[in-house]
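[1] Structure for the following, please:
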Amino acid sequence: MESGPLLFARFAYPPNALGYCGPDGSGELLERTASADGGQDMRRLARGFEGAWPYLELIAHENGLGDPLDPRVVEAYWIGNGLLDRVRGPAFRGSLEDRFRPRVGRAVGHVLDPVAGGGVPHHAFHVFGVFPWVGLLRGGVVDEPLRVLDRCRIRWARVDAVVGDRAVVRSRPLEWRDGRLLLGAPAVEEVTVAEAGRSLAAGLAPGDLVACHWDWVCTRITVAQATQLRHRTAQVLAAVQPVRVTTAYTSSSP
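    Model prediction:
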């Protein structure tokens, strides 16, 4: 497994480039990632992501690891692994309450309640459980919230073709149906592979299994990682939605 700072940056760059999270300087983040520079400057940049950093600290602490950028911790947050299962519910709930009660007051319940339903400190929890988009869906505003949720989550995909700086991949988009947020059947989408010759995941080829964030391919992943990502996505969806999550498409393949 590569260094934690580099793995973190691969997933953090896409929303940072859009101005959604993290410090200024997305160009530096992409340049250092493309050149595999995971040094102290990259660690400094990672600490500037105020949304993600507390989750990394929590996962590391609950697993007896001294470094929030340990690659196992970073993988747990963005993709998923067994470290998430060792985070105690009260510790997770306490961390969320400390962070969000000062901002939203009594409305913090919508953030805390999914922990009891099996929520874990995965990026999907921040997307589905903290952001207000699911609430907007329930209120009848569908198109833009659904688009943002689908782009903001980490999604697994299979590469069909690579043409220049773009790739055609197959992934399972989110759907809003009968008042439920579901994973739909595989669909084709076009994503970014590189910009000005700099890539988060160089040398892609048809058949590669990848993880995407917003409109970028972040990295190649293994079948086991894709399975983890699929499992953690479903786990968090089940936690934030009272009824068991079902899917419009079932397959043994990621």
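[2] okay, and for the chain, where does confidence drop off?
    Scanning the chain for pLDDT under 70 picks out 242-254.
[3] now the strands for it?
    Along the chain, the segments classed as strands by DSSP state E run 154-163, 166-171, 174-177, 180-183, 187-192, 194-195, 198-199, 209-213, 216-220.
[4] right, so of those strands, which gets closest to P54?
    Nearest of those to P54, taken as Cβ to Cβ: strand 154-163 at 17.9 Å. Bear in mind the C-beta positions are built from the backbone N, C-alpha and C, glycine included.
[5] For the closest one, buried residues please.
    154-159, 162 (16 or more other Cβ atoms under 10 Å).
[6] just to revisit the earlier point, tabulate the strands of the chain (JSON lines), appending distance to R101.
    Listed next are the strands of the chain as JSON lines, based on distance: least, Cβ to Cβ, whole Å:
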{"stretch": "strand 154-163", "distance to R101": "27"}
{"stretch": "strand 166-171", "distance to R101": "35"}
{"stretch": "strand 174-177", "distance to R101": "28"}
{"stretch": "strand 180-183", "distance to R101": "25"}
{"stretch": "strand 187-192", "distance to R101": "37"}
{"stretch": "strand 194-195", "distance to R101": "39"}
{"stretch": "strand 198-199", "distance to R101": "40"}
{"stretch": "strand 209-213", "distance to R101": "28"}
{"stretch": "strand 216-220", "distance to R101": "32"}
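[7] if we can go back for a sec, can I get the buried residues of strand 154-163 in a markdown table with distance to L209?
    Formatted as a markdown table, these follow (distance: Cβ to Cβ, whole Å):
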| residue | distance to L209 |
| --- | --- |
| I154 | 13 |
| R155 | 12 |
| W156 | 7 |
| A157 | 8 |
| R158 | 6 |
| V159 | 8 |
| V162 | 14 |
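[8] From those, pick the one nearest T227.
    The closest of the buried residues of strand 154-163, once distances to T227 are taken by Cβ to Cβ, is W156, at 8.7 Å.
[9] My read is that that closest one contacts A224, right?
    No: between W156 and A224 there is no contact under Cβ atoms under 8 Å: 11.4 Å.
[10] what about the helices in this structure?
    Remark: helices assigned in the chain by DSSP state H are 4-17, 26-34, 40-47, 53-62, 71-78, 89-104, 109-116, 123-125, 133-138, 143-152, 223-240.
[11] could you dump these to a markdown table with mean neighbour count and distance to E189?
    Formatted as a markdown table, the helices of the chain follow (neighbours: other Cβ atoms under 10 Å; distance: least, Cβ to Cβ, whole Å):
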| stretch | mean neighbour count | distance to E189 |
| --- | --- | --- |
| helix 4-17 | 24 | 14 |
| helix 26-34 | 20 | 21 |
| helix 40-47 | 17 | 28 |
| helix 53-62 | 21 | 27 |
| helix 71-78 | 24 | 19 |
| helix 89-104 | 15 | 32 |
| helix 109-116 | 18 | 28 |
| helix 123-125 | 25 | 19 |
| helix 133-138 | 17 | 19 |
| helix 143-152 | 17 | 9 |
| helix 223-240 | 19 | 16 |
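[12] Tell me which residues touch I79, please.
    154, 211, 221, 225, 228-229, 232 (Cβ atoms under 8 Å, 6 or more residues apart in numbering).
[13] I'm done for today, thanks for sticking with me.
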